[in-house]
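**Q** Kindly return the folded structure for what I paste below:
(chains A and B)
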2 protein chains.
Amino acid sequence: MPADLTDRLDAFEAFTVELNRAAGEVILPLFRGAYAVDDKGESKGAAYDPVTAADRAAEAAIRSLISSHYPEHGVIGEEYGEDRPDAEWVWVLDPIDGTRAFLAGFPVWTTLIALRHAGRPVVGSIGQPYLGEQFIGTSKGARLLARGRTQPLHVRPCVTLKNAVIATTDPYLYGDEEAQAWTRLRTAVRLARFGVDAYAYAMVAAGQLDLVVETGLKAWDIDAALPLLQGAGGSVTDWEGRPVGGHGGRVILTGDRRVSEAASDLLLNATS
Amino acid sequence: MPADLTDRLDAFEAFTVELNRAAGEVILPLFRGAYAVDDKGESKGAAYDPVTAADRAAEAAIRSLISSHYPEHGVIGEEYGEDRPDAEWVWVLDPIDGTRAFLAGFPVWTTLIALRHAGRPVVGSIGQPYLGEQFIGTSKGARLLARGRTQPLHVRPCVTLKNAVIATTDPYLYGDEEAQAWTRLRTAVRLARFGVDAYAYAMVAAGQLDLVVETGLKAWDIDAALPLLQGAGGSVTDWEGRPVGGHGGRVILTGDRRVSEAASDLLLNATS
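**A** Residues are numbered from 1 along each chain as shown, chains lettered A, B, ... in the order given. Now for the predicted structure:
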């Protein structure tokens, strides 16, 4: 990346802190409070898909800041769709990832903010305002901003599946073949955890978790994780081990490619 | 309860805040840090059962305060066993409930402190020091102490299972018959969450969750929840709807007996 782009990246990274703070200020008064819950899924005859006033208000707050600071940038968000998705710089937003955790009062939902340059995510942020935490990364590195302190983030090594601590959001989201794949993986590892959505991605970057497996992701679920994991020394691939970018789908996040390759073998043997 | 016992209860409730703070001071430096992990289960040929230096140090800190302030009291703890379990006042401790969440870096583990009088839990505390939260209850009421603020806790009404938000710690802990029971319940409710251990009990008390179902609990897993739920207007029973106290086993926690009775019917139909 040319030097002038690197300088701009630093400015955008600082702007991401501002965006994350704005989202938190909107969301926190509604967390565990009185809020309107609609069911996007019910009207489509689909699975329960809660979306709250907090989701919408937070995305609106982020979009407002982007359009006032960088009106030429594009925005893709879960709640309000696409504006200028082919712009040179495009923000990809999930104002509340883990709405189900939010609805149950568990503070492991997150605000996801990614910035793409020429189609590739180059800044990624996972924020949890109730915890006062923001995990942020670029190709130059990753760090945790928490309660006035900044600390560098590094993945940890993990050589074999039997020593791996892993997570997935919801084992009941898997289709039949994928469920078999998941069971093979779950029974091969040391410990499996559930229900943490993108907060688990942050824990991989922080060297607390070895592997996260997901399926059915949208771009806004995963874009923020790509620069964060890259900066922390980890990787994000699809189940086949190929790069992920701009789509989502079936994803493996890891701090150590040795363990993700072993996971990939297990997952694909069960689904092929 | 006689007036002099009520006065003592107020003093013990205040002491519980001190105990919880002492535990947090020991645990927090080890959370996401370098700590020794032994495997209690491995040596017994049993399932993975991690216990950390943080568990032991926190229980030791709590026991030390109890023995210096109330040497005549009994203590039952997960890590260090029983002292004077037949005393008039007995403290029941789980220094880190949710050790698996702790190991994965997720801040939903808790410190559980209960005080029994004549065998019955009368003070219950669920503390999460990383969040700065302590949920505490007696028969007189329940409250959340969080970041310098105190707020009363009340359960919420929930009439039917199809509107219920529920949780269980780990669906893979259920035996075959119980797994069928769990599946019947999970597919009957609005939303099910996993992996939160006793933090879910606190969310029932806070009116964020409608129901928690667990199996295989020990006394120190559940004693703290009894006064907390009582004070918040909820209830804790076994799967058959009978009072729980002093043992654990299969438990239903709820804010509304109508929904726990419906859950009980579903669970027992599948296991009978």
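
**Q** Show me what from the stretch 1-150 of chain A comes close to chain B.
**A** Residues of the stretch 1-150 of chain A lying close to chain B by Cβ under 8 Å from any Cβ of the partner chain are A:32, A:48, A:50, A:100-101, A:103-108, A:130-131. C-beta coordinates here come from the backbone N, C-alpha and C atoms, glycine included.

**Q** Select from those residues every entry located in helices.
**A** Counting by DSSP state H, these place A:Arg100, A:Ala101, A:Leu103 in helices.

**Q** can you redo those residues as TSV with neighbour count and pLDDT?
**A** Shown next, in TSV, are these (neighbours: other Cβ atoms under 10 Å in any protein chain shown; pLDDT from 0 to 100):
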residue	neighbour count	pLDDT
A:Arg100	21	88
A:Ala101	22	91
A:Leu103	23	89
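
**Q** ok so, going back, determine which two of the residues of the stretch 1-150 of chain A next to chain B are furthest apart.
**A** Largest separation among the residues of the stretch 1-150 of chain A next to chain B by Cβ to Cβ: A:Tyr48 and A:Leu131, giving 25.8 Å.

**Q** Could you report the separation of A:Gln134 from chain B?
**A** A:Gln134 is 15 Å from chain B, where distance means Cβ to the nearest Cβ, to the nearest Å.

**Q** correction: A:Ile27
**A** Going from A:Ile27 to chain B by Cβ to the nearest Cβ gives 15 Å.

**Q** residue contacts, that residue?
**A** A:Ile27 sits next to A:Ala54, A:Ala57, A:Ala58, A:Pro95, A:Ile96, A:Thr111, A:Pro129 when contact means Cβ atoms under 8 Å, 6 or more residues apart in numbering or on different chains.

**Q** In the stretch 151-272 of chain A, what residue lies closest to chain B?
**A** Closest contact between the stretch 151-272 of chain A and chain B, by Cβ to the nearest Cβ, is at A:Gln208 (3.0 Å).

**Q** next one: the stretch 1-150 of chain A
**A** At 3.0 Å from chain B, A:Gly105 is the closest residue in the stretch 1-150 of chain A, using Cβ to the nearest Cβ.

**Q** how close does that residue sit to B:Ala192?
**A** 14 Å (Cβ to Cβ, to the nearest Å).

**Q** now A:Tyr130
**A** Counting by Cβ to Cβ, the gap from A:Tyr130 to B:Ala192 is 22 Å.

**Q** Looking at these two, which is more packed in?
**A** B:Ala192 (23 against 18; other Cβ atoms under 10 Å in any protein chain shown).

**Q** contacting residues around the more buried one?
**A** Contacts for B:Ala192 (Cβ under 8 Å, 6+ apart) come out as A:Tyr172, B:Val165, B:Ile166, B:Ala167, B:Thr168, B:Arg186.

**Q** Write a PyMOL command that selects only the buried members of the residues you listed.
**A** PyMOL command restricting the contacts of B:Ala192 to the buried ones, with burial defined by 16 or more other Cβ atoms under 10 Å in any protein chain shown:
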select buried, chain B and resi 165+166+167+168+186
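
**Q** from the contacts of B:Ala192, which is closest to B:Pro85?
**A** Distance to B:Pro85 across the contacts of B:Ala192 (Cβ to Cβ) is lowest for B:Thr168, with 28.9 Å.
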